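*Asks:* coordinates only, no sequence provided:
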């Protein structure tokens, strides 16, 4: 049996404990192995790469002088990546995403792939790039590749260390470390792009540019190994979601190869028999005793637990100081807005840089859930500036253009949003969705008397209720709302902008234990969706009985 067969068959048969996502990719690969179609598995081609790694690549740190000995899981993954080819021996897969716990040999494996793609892939003038947000991070993988070169007599003889790269004169190829702020990313002709720790990438543009830079190559590879991270709503979450869709058949991409090692449930984090699900190198590369120590420390010190959940088990988490844990705020349930006749509105207005957010909050009798429909706005000038420099997307760590394309966000002409956007949106809900706004709770700071009169003219003289921003108004709603999130009673159609705002929200507590929302450590992270929903939620507390008694959902009629 090939290593590919041994490993993935053992996962399917239950001999190797694995998560559901690894079982899915195992089924996909074994189907392609035993029932080839457009692509078939060629063991000689696959072995050409794994044999090179084990013959010429050396451990870059620690056991200096020792040749790389690939573990079964590593060899099987690389055989899958390199070994499936068409009748012209062109590779099937041009992108590989591996998500695994820390200390499972990620950087070493990246460095072996870089050296192999430089020397052993038969490509003329291959450009190999090690990519990260910052150059220091990118150089870690580059240094590992160089340390392998230094220890191998043959590689040391033929690969030359220059000022900024490793150069292979035989095919005029090179390995270079690059960061997201490099000015020449648009002119690259990449054969292999290696990203070590995608979860640390703050600017999506670097991924998109590097992916596009491979377009002129016949069989390029984008090779990414990462653990999960604390940055939510960025390129990692986007790629993770895409990988899951590929595994579940919701996205059709025969060129994308995902390996996701994670716990199936957060409840498994202290069950030692489950740890290998997120740590394929446990007991060989990664110390089991060290992981025991980390888990015990997390039990003794709850502030350390999110780090262990994220970095050792690939469970999504928010930061320790966040208002809500990710498992509490995350709710992927969907609902149909047409089921409701009436709603409670809320909005948070901004000047120029912040988002503008509005929410329609719906309830119905005999149902404890709260249903929220959102809309967000941002000045067009922000997007224009992003198109020029990319700086705002890196700063806010938010895919604004994608959200606009998906309909979760709209733009306003100029450098600020006219507050009439809220009025027009609630009118749109009424006139186009048959959803009538009974009350609107809002922060009065940015709303003038003229606009207020227009609101009242449209929705009634008693429809507009101000909510002052501070602990007196928001503490009790915020505490109650957190309890409803933990009970998964708040359903928001999995809106990614709102989820991002929730992730960004911290709490400020006064001496009496009262709380109010504040932006997470980076003051430029946006929480406007959270504030808008808190305004509406306060309305739930104030007028719930009247709302429920007077209104019925369409589904209940």
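*Replies:* Nice, thanks for sending it over. Just so it is clear, the structure is predicted and the values come from calculations on it, not from any experiment.

*Asks:* could you point out which element follows the helix or strand of the chain with the lowest mean pLDDT?
*Replies:* Lowest on mean pLDDT, DSSP states H and E among the helices and strands of the chain sits helix 391-396, with a mean of 50. Moving toward the C-terminus from helix 391-396, the next helix or strand (DSSP states H and E) is helix 400-406.

*Asks:* low-scoring pLDDT stretches of the stretch 451-557 of the chain, where are they?
*Replies:* For the stretch 451-557 of the chain, the stretches with pLDDT under 70 are 511, 519-524, 549-557.

*Asks:* and the helices in it?
*Replies:* Along the stretch 451-557 of the chain, the segments classed as helices by DSSP state H, counting those that start in this stretch run 471-486, 496-504, 528-550.

*Asks:* would a markdown table of these with mean neighbour count be doable?
*Replies:* Placement of C-beta: from N, CA and C, glycine included. Output for the helices of the stretch 451-557 of the chain, formatted as a markdown table (neighbours: other C-beta atoms under 10 Å):
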| stretch | mean neighbour count |
| --- | --- |
| helix 471-486 | 17 |
| helix 496-504 | 25 |
| helix 528-550 | 20 |
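
*Asks:* need those helices in JSON lines with distance to residue 435, can you?
*Replies:* Output for the helices of the stretch 451-557 of the chain, formatted as JSON lines (distance: least, C-beta to C-beta, whole Å):
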{"stretch": "helix 471-486", "distance to residue 435": "21"}
{"stretch": "helix 496-504", "distance to residue 435": "18"}
{"stretch": "helix 528-550", "distance to residue 435": "13"}
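
*Asks:* so which of the ones you listed is nearest residue 357?
*Replies:* With distances scored as C-beta to C-beta, the stretch of these nearest to residue 357 is helix 528-550 (4.0 Å).

*Asks:* could you look up the SS state of the residue nearest to residue 543 when sequence neighbours are not counted?
*Replies:* Ranked by C-beta to C-beta, 6 or more residues apart in numbering and with sequence neighbours excluded, the top spatial neighbour of residue 543 is residue 439, at 5.7 Å. Under DSSP: H, G, I helix; E, B strand; the rest coil, residue 439 falls in the strand class.

*Asks:* now do the contacts for residue 439.
*Replies:* By C-beta atoms under 8 Å, 6 or more residues apart in numbering, the contact list for residue 439 reads 344-345, 462-463, 465, 539, 543, 547.

*Asks:* next one: residue 265
*Replies:* Contact analysis of residue 265 by C-beta under 8 Å, 6+ apart lists nothing.

*Asks:* to the chain's geometric centre, what's the distance from the strand ranked longest in the chain?
*Replies:* Across the chain, the longest stretch assigned as strand under DSSP state E is strand 370-379. With C-alpha atoms, centre = their mean, to the nearest Å as the basis, strand 370-379 stands 21 Å off its chain's centre.

*Asks:* and the contacts of residue 439, which is closest to residue 264?
*Replies:* Of all the contacts of residue 439, residue 264 sits closest to residue 344, with 37.3 Å by C-beta to C-beta.

*Asks:* phi first, then psi, for that closest one.
*Replies:* For residue 344, the backbone dihedrals (degrees, to the nearest 10) come out as phi -110, psi 130.

*Asks:* going forward can the numbers begin at 49, since that is how I track them
*Replies:* Happy to do that; since the first residue is 49 now, the last one works out to residue 392.

*Asks:* these two touch, right, it and residue 583?
*Replies:* No - between residue 392 and residue 583 there is no contact under C-beta atoms under 8 Å: 9.4 Å.

*Asks:* what's the overlap in contacts for these two?
*Replies:* residue 489.

*Asks:* residue 267 and residue 142 touch, don't they?
*Replies:* Yes - using C-beta under 8 Å, residue 267 makes contact with residue 142 at a distance of 6.7 Å.

*Asks:* show me how far stretch 157-164 is from its chain's centre.
*Replies:* Per C-alpha atoms, centre = their mean, the centroid offset for stretch 157-164 relative to its chain is 25 Å.

*Asks:* got the contact list for that stretch?
*Replies:* With contact meaning C-beta under 8 Å, 6+ apart, stretch 157-164 is reached by 97, 100-101, 104-105, 108, 116, 122, 126, 176, 178, 189, 192-193, 195-197, 203, 207, 223, 240, 242, 244, 269, 271, 273.

*Asks:* filter those down to the buried ones.
*Replies:* 97, 100-101, 104-105, 108, 116, 122, 126, 176, 178, 189, 192-193, 195-197, 203, 207, 223, 240, 242, 244, 269, 271, 273 (16 or more other C-beta atoms under 10 Å).

*Asks:* so which of these are in helices?
*Replies:* Within the buried ones among the contacts of stretch 157-164, residues falling in helices by DSSP state H are 97, 100-101, 104, 122, 126, 189, 192-193, 195-197, 203.

*Asks:* circling back: now the contacts of residue 487 as JSON lines including distance to residue 326?
*Replies:* Output for the contacts of residue 487, formatted as JSON lines (distance: C-beta to C-beta, whole Å):
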{"residue": "392", "distance to residue 326": "42"}
{"residue": "393", "distance to residue 326": "43"}
{"residue": "510", "distance to residue 326": "54"}
{"residue": "511", "distance to residue 326": "51"}
{"residue": "513", "distance to residue 326": "48"}
{"residue": "587", "distance to residue 326": "42"}
{"residue": "591", "distance to residue 326": "46"}
{"residue": "595", "distance to residue 326": "45"}
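
*Asks:* would you map the helices across the stretch 49-198 of the chain?
*Replies:* 51-61, 68-82, 91-104, 120-131, 154-167, 183-199.

*Asks:* can you redo these as a markdown table with mean pLDDT and distance to residue 365?
*Replies:* As requested, these are exported to a markdown table (pLDDT from 0 to 100; distance: least, C-beta to C-beta, whole Å):
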| stretch | mean pLDDT | distance to residue 365 |
| --- | --- | --- |
| helix 51-61 | 98 | 26 |
| helix 68-82 | 98 | 18 |
| helix 91-104 | 97 | 34 |
| helix 120-131 | 98 | 25 |
| helix 154-167 | 96 | 19 |
| helix 183-199 | 92 | 21 |
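
*Asks:* for residue 300, find the nearest of the ones you listed.
*Replies:* If we rank those by C-beta to C-beta, the stretch that ends up nearest is helix 68-82, at 12.1 Å.

*Asks:* just checking, what packs against that closest one?
*Replies:* helix 51-61, strand 88-89, helix 283-295, strand 304-308 (3 or more C-beta pairs under 8 Å, 6 or more residues apart in numbering; DSSP states H and E).

*Asks:* just these: most buried one?
*Replies:* strand 304-308 (a mean of 23; mean count of other C-beta atoms under 10 Å).

*Asks:* can you list the strands that it pairs with?
*Replies:* strand 143-147 (parallel) (DSSP bridges).

*Asks:* the partner strand: how far from the chain's middle?
*Replies:* Offset of strand 143-147 from its chain centre (C-alpha atoms, centre = their mean): 13 Å.

*Asks:* also stretch 217-227?
*Replies:* That offset, for stretch 217-227, works out to 30 Å (C-alpha atoms, centre = their mean).

*Asks:* show me which positions of that stretch end up buried.
*Replies:* 221-227.

*Asks:* need those residues in TSV with pLDDT and distance to residue 356, can you?
*Replies:* Output for these, formatted as TSV (pLDDT from 0 to 100; distance: C-beta to C-beta, whole Å):
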residue	pLDDT	distance to residue 356
221	97	40
222	98	39
223	97	34
224	96	35
225	94	30
226	89	32
227	83	29
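
*Asks:* now, those residues that are in strands?
*Replies:* 221-227.

*Asks:* same list, those residues, but as CSV with distance to residue 413 please.
*Replies:* CSV is the format used below for these (distance: C-beta to C-beta, whole Å):
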residue, distance to residue 413
221, 69
222, 68
223, 65
224, 64
225, 61
226, 59
227, 56
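
*Asks:* which one among those gets closest to residue 51?
*Replies:* Using C-beta to C-beta, these come closest to residue 51 at residue 223, 26.2 Å.
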